[in-house]
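Engineer: any chance you can model this:
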Amino acid sequence: MKLNVVGGVILVLAFAALIIVYSSLFEVYQTQQALVVRLGQVVRVVDEPGLNFKLPFIDNVILIDKRILDLEAPAQEVIASDQKRLVVDAFARYRIRDALRFFQTLGSKTAADSQLAILLNSALRRVLGEATFIQVVRDERAELMARIRDLINKEAENYGIAVVDARIRRADLPEQNSQAVYQRMQTARQREAAEYRAQGQQQAQEIRSRADREVTVLVAEATQKSEQLRGEGDAMRNKVFADAFNQDPDFFAFYRSMQAYEAGLKAGDTRMLLKPDSNFFRYFNNPSGKAPPPGPMAPPAPAKTGGPSASNAAPTGSAPSR
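Structural biologist: Sure thing, here's the model as predicted:
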């Protein structure tokens with residue numbers, strides 16, 4: 001019986017000792033820092049990872065994150081220096097550098113986010129209010145964000161917080177202003193397009209007119225040159241004929257008569273009424289082309305060129321046939 005009582009007491013004491021030891025130990029991870037609070041007062045700050053001791057049932061441990069934390073601020077309207085309203089969406093990143101001051105001034109991450117959002121909004125209005133719309137959107141955006149970060153960091157040092165970065169995610173005109181700007185831009189682009197089309201049509205007309213003028217000049221010059229060449233050719237031909245006639249008038253007369261026979265006695269319905277002893281048929285009556293000796297005149301007979309009845313209509317020996 002006595003052994004059972006002693007064993008139960010030992011077991012209770014061991015259990016109590018285990019609870020006391022467990023309550024006196026706490027663990028700090030690499031991403032954390034700890035504050036040991038005794039009766040409402042911070043007695044120790046632990047910023048190294050590992051296993052640490054505290055007084056059981058008296059000391060409390062408050063763990064604070066050492067990592068970089070995000071701050072998301074709601075979008076707000078800011079008036080730039082050129083009196084243009086902007087809808088700015090910004091965010092910041094910060095780290096708790098002094099855990100003791102952070103705990104004494106803010107106490108929690110929720111309170112820190114609320115206070116930093118106020119500082120962020122104030123810095124945005126102060127910095128962007130001194131800049132123009134073009135500087136915010138395009139020209140000096142990086143410099144403006146650096147100024148905003150420096151302003152927030154200067155104010156946040158009082159809370160044991162170091163602001164790592166501050167960024168403007170989006171800076172646009174309000175919806176109604178955006179629509180008006182888009183319509184104005186669209187109108188301007190349409191006007192520029194109409195000007196470009198008009199200039200293109202004018203240039204096309206000038207090029208077309210210049211090409212037509214050049215074509216007219218080229219055709220006129222070609223026609224003039226061709227007429228000149230044709231006249232020179234005709235003159236050369238006449239000169240050749242004249243030289244040939246002077247060299248052998250009989251042969252030239254015979255050649256011209258053969259050309260006349262070839263052109264005038266073609267197959268067809270053409271009819272000619274000529275005397276057999278006419279000058280046209282002189283080479284039919286005499287191969288030398290000389291006029292026949294005087295004698296009785298034969299009655300004229302019709303001659304048909306190219307027809308089957310041409311040879312039958314003239315008397316035998318008095319009308320040539322081809």
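Engineer: C-alpha from now on. contacts and neighbour counts both.
Structural biologist: Will do.
Engineer: and the host helix or strand of Ala263, C-alpha only, in CSV?
Structural biologist: For Ala263, the host element (DSSP states H and E) is helix 249-264. Extracted in CSV, the C-alpha atoms of helix 249-264 (Å, rounded to 0.1, in the frame of the first residue of the first chain):
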residue,chain,number,x,y,z
PRO,A,249,15.6,52.9,-168.8
ASP,A,250,14.3,49.9,-170.9
PHE,A,251,14.8,47.4,-168.0
PHE,A,252,13.3,49.9,-165.5
ALA,A,253,10.2,50.3,-167.8
PHE,A,254,9.9,46.5,-168.2
TYR,A,255,10.2,46.1,-164.4
ARG,A,256,7.5,48.7,-163.6
SER,A,257,5.2,47.1,-166.2
MET,A,258,5.6,43.7,-164.6
GLN,A,259,4.7,45.3,-161.2
ALA,A,260,1.6,46.9,-162.9
TYR,A,261,0.6,43.5,-164.4
GLU,A,262,1.0,41.8,-161.0
ALA,A,263,-1.1,44.5,-159.2
GLY,A,264,-3.8,44.9,-161.9
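Engineer: now it: buried residues?
Structural biologist: 252, 254, 257 (16 or more other Cα atoms under 10 Å).
Engineer: strands of the stretch 51-200 of the chain, start to end?
Structural biologist: Along the stretch 51-200 of the chain, counting by DSSP state E, counting those that start in this stretch, strands occupy 59-65, 69-72, 76-79, 85-96, 161-172.
Engineer: quick one: those strands as CSV, columns for mean pLDDT, mean neighbour count and distance to Gln201 too.
Structural biologist: Conversion of the strands of the stretch 51-200 of the chain to CSV gives the following (pLDDT from 0 to 100; neighbours: other Cα atoms under 10 Å; distance: least, Cα to Cα, whole Å):
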stretch, mean pLDDT, mean neighbour count, distance to Gln201
strand 59-65, 84, 19, 70
strand 69-72, 89, 16, 55
strand 76-79, 84, 18, 45
strand 85-96, 89, 20, 42
strand 161-172, 88, 18, 39
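Engineer: for Lys239, see how far away Glu232 is.
Structural biologist: In this view, Glu232 and Lys239 are 10 Å apart by Cα to Cα, to the nearest Å.
Engineer: pLDDT averaged over the helix holding Ala263 - what is it?
Structural biologist: Averaged across helix 249-264, the pLDDT comes to 75.
Engineer: and what of stretch 204-220?
Structural biologist: Averaging pLDDT along stretch 204-220 gives 92.
Engineer: can you give me the helices for the stretch 51-200 of the chain?
Structural biologist: For the stretch 51-200 of the chain, the helices defined by DSSP state H, counting those that start in this stretch cover 99-105, 109-128, 133-134, 141-156, 175-247.
Engineer: redo those helices as JSON lines? Include distance to Ile10.
Structural biologist: Formatted as JSON lines, the helices of the stretch 51-200 of the chain follow (distance: least, Cα to Cα, whole Å):
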{"stretch": "helix 99-105", "distance to Ile10": "42"}
{"stretch": "helix 109-128", "distance to Ile10": "45"}
{"stretch": "helix 133-134", "distance to Ile10": "79"}
{"stretch": "helix 141-156", "distance to Ile10": "55"}
{"stretch": "helix 175-247", "distance to Ile10": "77"}
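Engineer: find the least confident helix or strand in the chain, judged by mean pLDDT.
Structural biologist: The weakest-scoring helix or strand in the chain, judged by mean pLDDT, DSSP states H and E, is helix 310-313 (a mean of 35).
Engineer: ok, the nearest residue to Val78 once chain neighbours are set aside - contacts?
Structural biologist: If the residues on either side of it in the chain are set aside, Val78 comes closest to Leu86, at 5.1 Å by Cα to Cα, 6 or more residues apart in numbering. Counting by Cα atoms under 8 Å, 6 or more residues apart in numbering, Leu86 makes contact with 77-80, 133, 171-174.
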